[in-house]
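Enquirer: Quick one: sequence and predicted model below, then my questions.
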2 protein chains.
Amino acid sequence: MDLSIGEVADRAGLAPSALRFYEKEGLIHSDRTEGGQRRYHRDVLRLIAFIRAAQRVGLTLDDIRDALRTLPERKVPTAADWARLSKSWRPLLDRRIEEMQRLRDRLDSCIGCGCLSLKTCALSNPQDVAASQGPGARWLIVDDD
Amino acid sequence: MDLSIGEVADRAGLAPSALRFYEKEGLIHSDRTEGGQRRYHRDVLRLIAFIRAAQRVGLTLDDIRDALRTLPERKVPTAADWARLSKSWRPLLDRRIEEMQRLRDRLDSCIGCGCLSLKTCALSNPQDVAASQGPGARWLIVDDD
DNA sequence: GTAAGAGCTAAAGTTCACTTTAAGTCAAGG
DNA sequence: CCTTGACTTAAAGTGAACTTTAGCTCTTAC
């Protein structure tokens, strides 16, 4: 009752080529038939769901492979294993949400006050704050004083 | 009192090569010195802030170029112009925030109940919901019934 | 006036996450 | 048995967003 690559692709909503790619990258695993075709355990669907979720949160496949390495090898992960993994994403998720909300609030306040041309507006003068901080998206994640 | 490419790069927190790239892509504009070097109006810093913000929300540079085309040509955009642009991002931003929150809640509930191996759990059986919906990240954005 | 560092261009290179291609093999229904 | 559609591989291609390289030129401080 194992799944072929096409069945997994259909159910998971991605292309067979993506599954082969994930396997080459060490993210998922398959058994083979006598003739060399892939056969997947149903558990791979949950694994793929986790991979896609992690990607949505902003993790690279490298990050995800590292995280999956913390799952017990050679046995099917338990609910507790998955829970531990989910939990480790929580802070990242919180940060992403907070950042989006800050951006939204900032856009809102600037729309509301029409201040975009004024010196005092955070949006209109991001560079003065940004210049002093490392690389990356600086002005958006600046803490309000 | 115009800015050189290096000054803009420093203040905006990106590389000079990125500024040249943005210019080639039609996102920003520069004047030139007699000798052919770029000189930027201070306004470019705000424009760059907008571009980076839009990227954070998930827009491609193509999307952003299109959005910027709605700004009045040949004159410095007003506060109202920027406000209109910001406003158009609001729905996208809201959707992204909602999606992140849904993912967080779902992970939380699955951690809390330890249900990951059960048939009733949304996280453990994403494929049954996902299969019926188009391509993309489906299970994460499925509405709760 | 000159040296050093900042800037110029065009073209090629990089990384990520896949997809496409080409040439062939496997599996399952009739 | 055989046809058809799904599957196999390795390697090359894709697109987004830049960066790097090479070989110059410009600007500025001394």
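Expert: Great, that's in hand.
Enquirer: Please report the distance of the residue of chain A at minimum distance from DNA strand D from residue A:21.
Expert: With distances taken as C-beta to the nearest atom of the strand, chain A approaches DNA strand D most closely at residue A:6, which sits 2.6 Å away. (C-beta placed from N, C-alpha, C; glycine too.) Using C-beta to C-beta, to the nearest Å, residue A:6 is found at 15 Å from residue A:21.
Enquirer: now the strands: where do they sit in chain A?
Expert: Secondary structure of chain A, counting by DSSP state E: strands at A:31-32, A:38-39.
Enquirer: Any stretches of chain A with poor pLDDT?
Expert: Scanning chain A for pLDDT under 70 picks out A:73-75, A:109-145.
Enquirer: Spell out which residues of it are next to DNA strand C.
Expert: Within chain A, the residues that sit near DNA strand C (C-beta under 7 Å from any atom of the strand) are A:14-15, A:17-18, A:20-21, A:33-37, A:55, A:60-62.
Enquirer: Farthest pair within those?
Expert: With distance counted by C-beta to C-beta, no two of the residues of chain A next to DNA strand C lie farther apart than A:34 and A:60, which are 36.1 Å apart.
Enquirer: These two: which has the busier surroundings?
Expert: Neighbour comparison, residue A:34 and residue A:60: the larger count goes to residue A:60, with 10 against 5 (by other C-beta atoms under 10 Å in any protein chain shown).
Enquirer: Could I get the full set of helices for chain A?
Expert: If DSSP state H is used as the criterion, the helices of chain A fall at A:5-12, A:16-24, A:43-56, A:61-69, A:79-113, A:126-130.
Enquirer: burial count for residue A:6?
Expert: Other residues within reach of residue A:6, judged by other C-beta under 10 Å, total 12.
Enquirer: Please name the nearest non-neighbouring residue to it.
Expert: residue A:16 (6.1 Å; C-beta to C-beta, 6 or more residues apart in numbering or on different chains).
Enquirer: For that neighbour, which residues are in contact?
Expert: Contacts of residue A:16 were listed using C-beta atoms under 8 Å, 6 or more residues apart in numbering or on different chains, and they are A:5, A:6, A:9.
Enquirer: on that earlier part again, packed most tightly, which of the strands of chain A would that be?
Expert: The highest mean neighbour count among the strands of chain A belongs to strand A:38-39 (a mean of 18), with neighbours defined as mean count of other C-beta atoms under 10 Å in any protein chain shown.
Enquirer: Other residues contacting that one?
Expert: Taking C-beta under 8 Å, 6+ apart as the rule, strand A:38-39 contacts A:2, A:3, A:4, A:5, A:19, A:20, A:23, A:30, A:31, A:32, A:33.
Enquirer: Quick one: distance of that strand to the chain centre.
Expert: The chain centroid and the centroid of strand A:38-39 are separated by 26 Å, computed with C-alpha atoms, centre = their mean, to the nearest Å.
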